[in-house]
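J.: predicted model, plus sequence, below.
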Amino acid sequence: MARYAKHTFRSGRYTNGIVRRRGMGRYIFLVILIVILVVGGVFLFKFFDSNSYDDENSFTKYAKRYFSSAQDSNSIGKAQQEIKYGKPSSVGLNYPKVKINSIDKQIKILAEREKQSFLGEHEQGSKDEKFAMLMTYDSYKGKQNIASVVLKTVVREEKTNGKLEQVSSKVSVLNFDKETGSRIYPIMVFEPGYQEKLYRYLDEYLKKNYKDKLSKNYKKYIDVKSSKFENFAFDGDKVVLYFAGNTVTDDSQTIKVTISESDIKGLFRKNINSRKIDPSKPMVALTYDDGPAEGTTAKILDILEQNKAVATFFELGKNIENVSDSDKLLKRMDRMGSEIGSHSYSHPNLFTLTDEKVKEQSDLTDKAIKSRIGYVPTLYRPPYGNGNEKTTKIFNKSAILWSVDTLDWKHRNKDNVIKIIKNSGNLDGKVILMHSLYDSTAEATKEIIPWLKAQGYQLVTVSEMLSYKYNEDPKQVKFYGYNFFYPKDKSNDKTKKSN
């Protein structure tokens, strides 16, 4: 019995040893399996994670994943992609080609400007750092033949955890007529006083929906004195307002607010697209310096309004401050779709001033204009035409000279103004200089506008001229001198008619 028991004991010991060894083998197998899963998981995470890339191939995948996640479901054109890997900065662009030459060129200009701005800002970074700019778009089809393209740019930066996190966003919107390519501006969309209505609605909407994320200065981006609400798109009979990250909220994500006609009564004009610009047809820009002036500026605005025309007014800051009805005049210009530019504060020869004094001339005028219409101009005209690249950089806005000088300030004769304009040949693409100080100029305007329209000219603002005729971005800081505003083909006079 003892022998049997001893045998049994040894057999059990032997059996337990085998079990222990088998258990150890399973343990080792599990450890190896876990290691394989972890390593494989890291590999898969690296492969699929949209927040990492290491080389040109992986950045291409990274950018295309972003394009796919932001895919536009209402596309009105064919997507164009540009992907460029670099150290420390990489760029991925995804924007539409809508097959309207003027709009496609403007989209390309906006995309290129954002790319160059991003690369310029980060070109001095260490190669160990990592920055990515990604652009994609939304597009909409609105009523009355309107289309919208919204270019959305984000910048991502690699943090200590190895992931790229979004640090900023930006939005640019183009609204245009699908047939002609004419741009659609706020003045064409909203009824007068729309800024106040939008402010009240947005203030309540943002407080309700972004209570914990609202920035301290959110009102700056919806206040009538600070915003023109230019970043809006048409989606059917609704308007979609865009706010870039870190503006109305402390978040870097873009905010969209959709507003229908039932949300704000009396917000939209019935005929939204009332003033069309056809880039293929002749156009001319009337400009008026040295205002505003009591009496004569209002007369010129009356004539423009009666003829459904626009002009560009280069105003003096000093006159804005001293003319009693300047607030009313500038707001009327803005409401009519005319353009307001700076003509300095007191009309000095900028070449005789120090850089500090030139900047003062700009700043004081910007302040005066902003106090009346809520924003600073994007154009300036140097007094006497005495400006250059240096003064333009100090003013930080495009300089606009002219191609036809009516000398209205010298002779102050209506007939002479008309004669000079009519004898200037092909006016397509030209900028005409006048002054809003003289009754004779107002009287000449009364006759010259119907004549220009009868000759087939479209009357446009200077910024519209830059965009449609010359495919330039008027918001870029550039010096446009005397020789710029001339027809590209002087032999092709599209407006030859008898006077």
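T.: Perfect, I can see it now. Residues are numbered from 1 along each chain as shown.
J.: next, count neighbours for the residue nearest to Glu464 when sequence neighbours are not counted.
T.: Excluding the flanking residues, the one nearest Glu464 by CB to CB, 6 or more residues apart in numbering is Ile277, at 6.1 Å. Just so you know, the C-beta spots here come from the backbone N, C-alpha and C atoms, and that holds for glycine as well. Ile277 has 23 neighbouring residues, counting by other CB atoms under 10 Å.
J.: same deal with Gln306?
T.: 11.
J.: kindly report the same for the one 3 residues further on.
T.: Each residue near Ala309 was counted by other CB under 10 Å, and the total is 21.
J.: give me phi/psi at it?
T.: With angles defined as degrees, to the nearest 10, Ala309 sits at phi -120, psi 170.
J.: kindly report the same for Val150.
T.: Here is the backbone geometry of Val150 (degrees, to the nearest 10): phi -110, psi 110.
J.: the closest residue to it other than its chain neighbours: which element?
T.: Spatial nearest neighbour of Val150, chain neighbours left out: Asp138 (4.2 Å); criterion: CB to CB, 6+ apart. Assigned by DSSP states H and E, Asp138 falls within strand 131-141.
J.: go through that strand and flag the buried ones.
T.: Residues 131-140 are the ones in strand 131-141 that count as buried (16 or more other CB atoms under 10 Å).
J.: equivalent analysis for stretch 160-177, please.
T.: In stretch 160-177, counting by 16+ other CB under 10 Å, buried: 164, 166, 169-177.
J.: out of those, which one sits closest to Glu82?
T.: Distance to Glu82, by CB to CB, is smallest for Ser172 among these, at 16.3 Å.
J.: quick check: bridge partners of the residue lying closest to that closest one once chain neighbours are set aside?
T.: If the residues on either side of it in the chain are set aside, Ser172 comes closest to Leu151, at 4.6 Å by CB to CB, 6+ apart. Leu151 has these beta-bridge partners by DSSP bridges: Tyr137, Ser172.
J.: relative to Thr461, how far out is Leu151?
T.: Taking CB to CB, to the nearest Å as the measure, Leu151 and Thr461 are separated by 23 Å.
J.: would you map the helices across this protein?
T.: 2-48, 56-69, 101-122, 186-189, 194-209, 296-306, 317-322, 326-336, 355-373, 389-395, 408-411, 414-422, 439-454, 462-468 (DSSP state H).
J.: for the fourth one, packing partners?
T.: Counting by 3 or more CB pairs under 8 Å, 6 or more residues apart in numbering; DSSP states H and E, the packing neighbours recorded for helix 186-189 are helix 326-336.
J.: contacts for the helix it packs on next, please.
T.: Under the contact criterion CB atoms under 8 Å, 6 or more residues apart in numbering, helix 326-336 has outside partners 187, 192, 291-292, 297-298, 301, 304-305, 310, 313, 315, 319-320, 323, 339-340, 369, 372-373.
J.: pull out the buried residues from it.
T.: For helix 326-336, by 16+ other CB under 10 Å, it's 326, 329-330, 332-336.
J.: ok, so of the residues you listed, who is nearest Ser260?
T.: Distance to Ser260, by CB to CB, is smallest for Arg335 among the buried residues of helix 326-336, at 23.5 Å.
J.: pLDDT wise, what is the closest one at?
T.: You'll see Arg335 listed with a pLDDT of 79.
J.: what distance do you get for it to Ser139?
T.: Taking CB to CB, one finds Arg335 at 29 Å from Ser139.
J.: what do you get for Lys130?
T.: In this structure, Lys130 and Ser139 are 30 Å apart, going by CB to CB.
J.: do Lys478 as well
T.: 29 Å.
J.: go on, Thr287?
T.: From Thr287 to Ser139 the distance is 34 Å (CB to CB).
J.: same check on Asp54?
T.: 33 Å.
J.: ok, Leu214 touching Thr249?
T.: Yes: using CB atoms under 8 Å, Leu214 is in contact with Thr249, at 6.1 Å.
J.: those two: which is more packed in?
T.: Taking other CB under 10 Å, Leu214 and Thr249 do not tie; Thr249 has more neighbours (20 against 16).
J.: now the closest residue to the more buried one other than its chain neighbours. Its backbone dihedrals?
T.: Excluding the flanking residues, the one nearest Thr249 by CB to CB, 6+ apart is Lys213, at 4.3 Å. Dihedral pair for Lys213: phi -110, psi -10, per degrees, to the nearest 10.
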